[in-house]
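In: Give the three-dimensional model of this entry:
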Amino acid sequence: MPQYPYRPELKKPASLGGIDFGNPALAPMVRMVAQNLRRATRAWTPPESISFRAVSVFFKDGESVECFVVEPEDNSPLPGMLYCHGGGFYLPLETPALELAAVYAQKLRVRVFLPEYRLLPEHPYPIPLQDCRTVWTAMGERGTEFHLDGCALLYGESAGGALAAGLAQQLRDKGKPIPCGQVLVYPALDDRSEKYPSTERYSGTVWTKRANAQMWSGYLKNGIQGPEGHAVPLRAGDFSRLPPAYVEPQGIDLLRDEGTAYGERLREAGVPVKVNIIEGSYHGFDADVVNPFVQTVLEQRIRAMADMLADHKNEE
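Out: This next block holds a predicted model:
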């Protein structure tokens with residue numbers, strides 16, 4: 001691996017792109033990894049004053065998607081957050097996402113909903129997006145049951161960034177109420193990665209060029225039905241009337257340039273946006289939530305989200 005100026009405060013990163021997800025012969029291994037991750041999330045113990053539960057959100061046909069809720073222990077009505085996890089559309093929710101959700105629930109006083117959306121290779125686009133939208137809709141329709149009050153945020157990391165940004169565009173296009181903000185952390189936003197210099201410069205870092213290509217190939221294997229921006233956010237033709245955004249590309253990440261490009265498209269369309277490049281950091285660096293540097297970055301995210309919630313409340 002080439003040597004890059006990683007921050008000394010961070011642990012030496014491990015590659016997330018070492019598994020050949022596109023190799024059918026490795027499908028049993030990928031399923032085993034996914035099963036182990038699912039067991040770990042279900043055994044997770046939340047920190048003091050935070051509770052953790054699973055709910056089933058049902059589709060009209062009777063099928064359901066499981067969703068985890070990380071929330072303050074009190075039952076008072078609170079704003080919500082839909083957290084779209086990463087994993088290249090191949091891997092399920094992991095415990096570091098729950099750790100981050102607990103930080104947000106505690107610091108922002110929000111209820112965080114983490115859909116266990118269906119995965120590749122069996123479930124390409126639009127199924128993961130549909131699952132996330134089903135949970136988002138339930139958050140609104142069952143607001144009293146979920147003890148929600150006020151607005152809700154969309155949050156997405158890595159592949160989940162494509163889901164969060166795509167869902168924001170879909171809600172706008174269908175005339176639905178949009179979130180009070182979108183938070184995109186090292187987001188995957190464009191399948192045309194060859195357009196961006198960071199793809200080649202950081203092709204062998206934590207999230208590899210090979211893994212990125214396999215992710216998009218699998219996600220889009222049935223093509224794009226409907227507006228392109230729902231599937232691939234940077235393919236959109238219209239970036240106006242979208243929620244205010246906080247976009248956080250990592251300095252040593254092949255997705256860096258597409259994150260900044262998305263911020264530029266939003267800014268050009270008149271959408272309030274903050275692009276916060278974290279120099280010296282890498283894809284998935286925030287898994288180490290107790291690291292002092294990670295905590296400093298989390299404070300910046302939390303401040304941005306708190307401002308989104310406050311701005312919405314002031315507009316009511």
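
In: the helices in the stretch 151-300 of the chain, which residues?
Out: 159-173, 197-201, 209-219, 228-231, 256-268, 292-315 (DSSP state H, counting those that start in this stretch).

In: centre of the chain versus the shortest one, how much separation?
Out: When distances are taken as C-alpha atoms, centre = their mean, to the nearest Å, helix 228-231 is centred 16 Å away from the chain's centroid.

In: swap in the first one?
Out: The chain centroid and the centroid of helix 159-173 are separated by 10 Å, computed with C-alpha atoms, centre = their mean.

In: Would you mark the buried spots in that helix?
Out: Across helix 159-173, burial judged by 16 or more other C-beta atoms under 10 Å covers 159-172. Using the backbone N, CA and C atoms, a C-beta is placed for each residue, glycine as well.

In: Quick one: these as CSV, columns for pLDDT too.
Out: Putting the buried residues of helix 159-173 into CSV (pLDDT from 0 to 100) gives the following:
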residue, pLDDT
159, 98
160, 98
161, 98
162, 98
163, 98
164, 98
165, 98
166, 98
167, 98
168, 98
169, 98
170, 98
171, 97
172, 98
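
In: quick one on the thing from earlier: need the helices of the stretch 151-300 of the chain in a markdown table (columns: distance to residue 116).
Out: Converted to a markdown table, those look like this (distance: least, C-beta to C-beta, whole Å):
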| stretch | distance to residue 116 |
| --- | --- |
| helix 159-173 | 12 |
| helix 197-201 | 30 |
| helix 209-219 | 17 |
| helix 228-231 | 20 |
| helix 256-268 | 25 |
| helix 292-315 | 23 |
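
In: Need the winner for burial among those helices.
Out: helix 159-173 (a mean of 26; mean count of other C-beta atoms under 10 Å).

In: which other helices and strands contact that one?
Out: strand 78-84, helix 127-141, strand 148-157, strand 181-185, helix 209-219, helix 228-231 (3 or more C-beta pairs under 8 Å, 6 or more residues apart in numbering; DSSP states H and E).

In: Output it as PDB, nothing but the C-alphas.
Out: Output of helix 159-173 as PDB, limited to C-alpha atoms (Å, rounded to 0.1, in the frame of the first residue of the first chain):
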ATOM      1  CA  ALA A 159     -22.800   3.300   0.400                       C
ATOM      2  CA  GLY A 160     -25.400   4.600   2.800                       C
ATOM      3  CA  GLY A 161     -24.500   8.100   1.500                       C
ATOM      4  CA  ALA A 162     -25.900   7.000  -1.800                       C
ATOM      5  CA  LEU A 163     -29.100   5.900  -0.100                       C
ATOM      6  CA  ALA A 164     -29.500   9.000   2.000                       C
ATOM      7  CA  ALA A 165     -28.800  11.400  -0.800                       C
ATOM      8  CA  GLY A 166     -30.900   9.400  -3.200                       C
ATOM      9  CA  LEU A 167     -33.800   9.200  -0.800                       C
ATOM     10  CA  ALA A 168     -33.600  13.000  -0.300                       C
ATOM     11  CA  GLN A 169     -34.000  13.400  -4.100                       C
ATOM     12  CA  GLN A 170     -36.800  10.900  -4.300                       C
ATOM     13  CA  LEU A 171     -38.800  12.600  -1.500                       C
ATOM     14  CA  ARG A 172     -38.400  15.900  -3.300                       C
ATOM     15  CA  ASP A 173     -39.400  14.500  -6.700                       C
END
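
In: and that helix with helix 256-268, angle?
Out: 20 degrees (axes from the mean of the first three to the mean of the last three C-alpha atoms, to 10 degrees).

In: picking up where we left off before, which of the buried residues of helix 159-173 lies closest to residue 41?
Out: residue 160 (14.7 Å; C-beta to C-beta).

In: Who is the residue nearest to the closest one when sequence neighbours are not counted paired with across the strands?
Out: Nearest residue to residue 160, sequence neighbours excluded (C-beta to C-beta, 6 or more residues apart in numbering): residue 84, at 3.3 Å. Residue 84 has these beta-bridge partners by DSSP bridges: residue 156.

In: correct me, but residue 84 touches residue 153?
Out: No. Contact between residue 84 and residue 153 fails when scored by C-beta atoms under 8 Å: they sit 11.1 Å apart.

In: looking at this, residue 12 is in a helix?
Out: No. Assignment of residue 12 by DSSP: H, G, I helix; E, B strand; the rest coil gives coil, placing it outside any helix.

In: got the contact list for it?
Out: Neighbour list for residue 12: residue 6 [criterion: C-beta atoms under 8 Å, 6 or more residues apart in numbering].

In: ok, back up a step: the more surrounded of residue 84 and residue 153?
Out: Neighbour count, other C-beta atoms under 10 Å: between residue 84 and residue 153, residue 84 has more, with 32 against 25.
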